[in-house]
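> Below are the sequence and a predicted model for it; my questions follow.
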Amino acid sequence: MNLDYNEEQTMLREQIQKFCESEYDFYKREEIVKSSDDFDKNAWNLFAEQGWLSMPFSEESGGLGFGAIELSILFEEFGKALVIEPYLATVVLSGTLLDKSNYSGKNELIEKIGSGEMHISLAYAEVNKSYDYSSLNTTIDSNNCLNGTKTLVLNGANAEKLIVSCMKDNELNLVLVDSSANGISLNSFATIDGQSCSEISFENVEVDNSNIIASGDSATDLLMNTINLATLCVSAEAVGCMESCYFKTLEYTKGREQFGQPISNFQVLQHRMVDMFIESELSKSLLIKAMLEVTNNSDDMYKHVSALKSYIGKSGKLSAKEAVQLHGGMGVSEELMIGHYLKKMISIDALFGNSDFHLRKIA
Amino acid sequence: MNLEFSKHELEFKKEVQTFLKKELTSELVEAAKRSSAVFTEKEIAMEWQAKLAKKGWLVPSWPEEYGGTNWTETQKYIFSSECAKAEAPSLTPMGLGMIGPLLLGKGTKEQKDYYIPRIISGEDYWCQGYSEPGAGSDLASLKCKAERKGDKYIINGSKIWTTHAHLANKIFCLVRTDNSGIKQEGISFLLIDMKTPGIEVKPIITIDGEHEVNSVFFSDVKVPAENLVGEEGKGWTYAKFLLAHERFGIAGVGASMRQLNRLKDIIAKLDNSELQRKVNELEIGLSAIEITELRLLSALENGGHPGAESSILKIKGTEMQQNLSELFVEAAGEYALMYPGPHGYESNDKPAGPDYAAEGLSGFLNLRKTSIYGGSNEIQKNILSKFVLGV
């Protein structure tokens, strides 16, 4: 048993921390959010140069062959800095899905993702399905015509290609289409955490037979496996947010004077910050357990990711709400980072099954 | 990074399991289960202690010359979690976990050679004289007075919440030997024989109907000066050392795991989605505590030491014990109304209702104290404020 990060993992964390500190402070982030672009292309190119965009892909596909632990490190640090670049959409949801698939053209796509040239989005969600990603209204008929509407497609507006989950003869299929293909229409909108999302309709979109990535059980396995990994990633992001909420609140209360003294002197606030610290540590423990289970591809990995997601859904929101409260009026100001952590926590809880959903899955 | 045990550790685990299979009789397990209290009944604890002592596994952390096993931290963890899984009775900690380690650290050679074998053999059964009516969380304000007269200390004052004082033949006490400086100074650590004239023990019955704790009164009790541990006036430092010792392992993860599994079985039969949701929540929470304990253990193994973070385990571990016991009560439904008496299910002439109902309520009431003793959970938060938050 050894619960320490190895040297390579520690170096990766330091590298990401260095980027966040020097290239991605809160003012920079605000600039990106307020600009007309959905994210910063320069930052994305830098990610490519550092090798981060090909990090989780297998070495056969030209990746670095890193796994769940390294991804968790990256997302923890991204969470602290509230990075909005579409790493989850392009690299995790689409890239790792392709990497694990038997799709014939995957190497070229993965290479383009890794070099930062191409964005691909996974269209997995539909309206009123309440986190059930396997029974769908979107269909592909015997002539390979795709029909239906997908919702909450992360980074959909910037994706050159889309991986769409759909039904064919009551079996799940994953198909790849060009987003410029005839019959595709997009309605894009901003998310509360500074990212972009699309609702995408497909009307008789023709799909080439060779672009059916997976069918039946193998499609279900591939999709569930990918969403499980993405769930781990956003949970790690939440753990990073929680740590920052705690540190920033502590720092703020030490500097803020009222009644002639720093408000951190007051026991009622100290104990609430201790609770934030404890929740952050316990969440980190569940993250460690979940990422090790995913690394080992164990039978229990879904259960442990659910346990983590359920826990951080509650504890993450709690920490962020406490952070806002302890910052007083400043906590509700758009100018301060702290309120943006709260928005991030809300969006993380909403993704891939909220806290209650995953709690029911534990039994 | 991995959570797996090495080949050598797995072999050790097997050895522990074999021992438990042979020595941990079903009678012992059943007897331990009947008691819902934190502290195992003395006879049961001592029977198990004797078996462990015979095997040489009673005090793994102690120096080898005094009965230690020279195990790694991971081996100690494997041993205690296997014991918990097999539902072994918990040992009474006052001798083995508190005064023993203190004497090994601060005692004279004579004290070690006299007391340590008697702790292991069970000849001495210790209780802890810390709290006083006027000194609970503010323990350093204690007043129980020890006046040096010749080769003796004369003790006057009282102690309260003294677990098993009515069963013990020895008590270790924090006493005041000096009033002149700040309150933390002038406290000394004394070993006292409970049969010394002038000591009176009065029971305190707790809300679960049990007699576990007591008041202990001292009037002109004469204690030989050689019963002082370490230096006069340094008792507070030793007490803090012991409290930190007490916190590590206080999370009771093994016992909670057992309770959780029982609860899951009970609730599975009730087909109640609300209770199911609650038990799922506790399962996740317990897993978080378990991994946090392993993280501390891993840090220990790599040369660190349990710092203020062990306070997290005290707070969350005791909350978990209480929440589990409360869910037992909820699962009992209307049978929670039934007064269980001090011996749970067996208190009434004819048992009524499901067996877990009575036991659940006794446990719920008994376990209230876990967030109060060992430094209340509020005090733990003060410790974390000071040492982790730095405020």
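Received, thanks.

> Could you check how far residue B:178 is from residue B:235?
For residue B:178, the distance to residue B:235 (C-beta to C-beta, to the nearest Å) stands at 10 Å. (Glycine included, C-beta is placed from N, CA and C.)

> let me fix that: residue A:296
According to C-beta to C-beta, residue A:296 stands 50 Å off from residue B:235.

> got it, and residue A:281?
Here the criterion is C-beta to C-beta. By it, residue A:281 lies 32 Å from residue B:235.

> same question, residue A:184
For residue A:184, the distance to residue B:235 - C-beta to C-beta - is 78 Å.

> of those two, who's got more company?
Taking neighbours as other C-beta atoms under 10 Å in any protein chain shown, residue A:184 and residue B:235 compare with residue B:235 leading, 28 against 17.

> who touches residue 321 in this structure?
Unless you meant another one, I'm taking chain A. residue A:342 (C-beta atoms under 8 Å, 6 or more residues apart in numbering or on different chains).

> was after chain B, sorry
B:252, B:255-256, B:259, B:367, B:370.

> Just flag the most distant two among the residues you listed.
Using C-beta to C-beta, the pair of the contacts of residue B:321 lying farthest apart is B:259 and B:370, separated by 12.7 Å.

> Which strands or helices does the lengthiest helix in chain B pack on?
The longest helix of chain B (DSSP state H) is helix B:273-301. Counting contacts by 3 or more C-beta pairs under 8 Å, 6 or more residues apart in numbering or on different chains; DSSP states H and E, helix B:273-301 packs against helix A:267-295, helix A:301-326, helix A:355-361, helix B:73-85, helix B:253-270, helix B:310-332.

> And stretch B:54-67, what's buried?
B:57-62, B:66-67 (16 or more other C-beta atoms under 10 Å in any protein chain shown).

> and for that stretch, what are the contacting residues?
B:19, B:23, B:49, B:52-53, B:68-71, B:75-76, B:79, B:91, B:96, B:100-101, B:104, B:112, B:116, B:120.

> How about stretch A:125-140?
With C-beta under 8 Å, 6+ apart as the test, stretch A:125-140 has contacts from A:124, A:146-153, A:164-168, A:172-173, A:175, A:202, A:207, A:220, A:223-224, A:227, A:352-354, A:357.

> list the contacts for residue 168?
Since no chain was named, I'll use chain A. Shown in contact with residue A:168 (C-beta under 8 Å, 6+ apart): A:139-141, A:215.

> Can you look at chain B instead?
B:94, B:125-127, B:194 are the contacts of residue B:168 under C-beta under 8 Å, 6+ apart.

> What of residue B:103?
If a contact means C-beta under 8 Å, 6+ apart, then residue B:103 has B:111-112, B:115-116, B:229 as its contacts.

> Run through the residues of the stretch 1-150 of chain B sitting next to chain A.
Residues of the stretch 1-150 of chain B found near chain A (C-beta under 8 Å from any C-beta of the partner chain) are B:1-6, B:9, B:74.

> hmm, 7 Å instead?
The stretch 1-150 of chain B has residues B:1-5, B:74 near chain A, with proximity defined as C-beta under 7 Å from any C-beta of the partner chain.

> Including pLDDT, could the residues you listed go into a markdown table?
Shown next, in a markdown table, are those (pLDDT from 0 to 100):
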| residue | pLDDT |
| --- | --- |
| B:1 | 87 |
| B:2 | 87 |
| B:3 | 86 |
| B:4 | 87 |
| B:5 | 90 |
| B:74 | 88 |
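
> Of those residues, which is the most crowded?
residue B:74 (20 neighbours).

> Check the gap between that one and residue B:5 for me.
Residue B:74 is 7 Å from residue B:5, where distance means C-beta to C-beta.

> list residues touching both of those two?
Contact with both residue B:74 and residue B:5 is made by residues residue A:1, according to C-beta atoms under 7 Å, 6 or more residues apart in numbering or on different chains.

> Going by residue numbers, what spans are strands in the chain?
Using chain A. Assigned by DSSP state E, chain A shows strands spanning A:120-123, A:139-140, A:145-154, A:161-168, A:171-178, A:184-190, A:196-206, A:212-215, A:257-258, A:261-262.

> think we crossed wires, I meant chain B
Taking DSSP E, the strands of chain B run over residues B:126-129, B:145-149, B:152-160, B:170-176, B:187-193, B:199-205, B:211-224, B:228-229.

> For the residue at minimal distance from the centre of chain B, report the pLDDT, please.
Against the mean C-alpha coordinate of chain B, by C-alpha atoms, centre = their mean, the closest residue is residue B:93 at 5.0 Å. Residue B:93 is assigned 89 on the pLDDT scale.

> what's the spacing between it and chain A?
Taking C-beta to the nearest C-beta, to the nearest Å as the measure, residue B:93 falls 24 Å from chain A.

> Mark out where each domain of the chain begins and ends.
Just so you know, I chose chain A. Domain assignment for chain A by automatic domain parsing gives A:7-114, A:120-216, A:218-361.

> hm, I was asking about chain B
What automatic domain parsing lists as the domains of chain B is B:7-91, B:126-234, B:248-389.

> So for residue B:349, what's the pLDDT?
With respect to pLDDT, residue B:349 scores 69.

> Residue 48: what's it in contact with?
Chain wasn't specified; assuming chain A. Taking C-beta under 7 Å, 6+ apart as the criterion, residue A:48 is in contact with A:114-116.

> Chain B is the one I meant
Counting by C-beta under 7 Å, 6+ apart, residue B:48 has contacts B:28, B:88-89, B:91.

> Dump the residues you listed into CSV; add neighbour count as well.
Formatted as CSV, those follow (neighbours: other C-beta atoms under 10 Å in any protein chain shown):
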residue, neighbour count
B:28, 20
B:88, 21
B:89, 22
B:91, 19
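
> Which of those fall within helices?
The helices, defined by DSSP H, take in residue B:28 from those.

> Now flag whichever of the contacts of residue B:48 is closest to chain A.
Within the contacts of residue B:48, proximity to chain A (C-beta to the nearest C-beta) peaks at residue B:88, which comes in at 22.3 Å.

> give me phi/psi at the residue lying closest to the closest one once chain neighbours are set aside?
Counting by C-beta to C-beta, 6 or more residues apart in numbering or on different chains, residue B:88 lies nearest to residue B:24, which is 5.4 Å off, once chain neighbours are set aside. Residue B:24 adopts backbone torsions of phi -90, psi 90, taken as degrees, to the nearest 10.

> Check residue 71 and give its pLDDT.
Picking chain A for this. With respect to pLDDT, residue A:71 has a value of 98.

> Not quite, go with chain B.
According to the prediction, residue B:71 has pLDDT 93.

> now swap in residue B:363 and tell me
The model's pLDDT for residue B:363 equals 85.

> now residue B:387
Listed pLDDT for residue B:387 reads 91.

> What about the closest residue to it other than its chain neighbours, how many residues nearby?
Nearest residue to residue B:387, sequence neighbours excluded (C-beta to C-beta, 6+ apart): residue B:308, at 3.7 Å. Applying other C-beta under 10 Å, we find 16 residues neighbouring residue B:308.

> and residue B:308, what is it in contact with?
Each residue near residue B:308 by C-beta under 7 Å, 6+ apart is listed here: B:383-384, B:387-388.

> Relative to residue A:44, which of these is nearest.
Nearest to residue A:44 among the contacts of residue B:308 is residue B:388, at 37.4 Å by C-beta to C-beta.

> I'd say the closest one and residue A:277 touch.
Yes. Counting by C-beta atoms under 7 Å, residue B:388 does reach residue A:277; the two are 6.0 Å apart.
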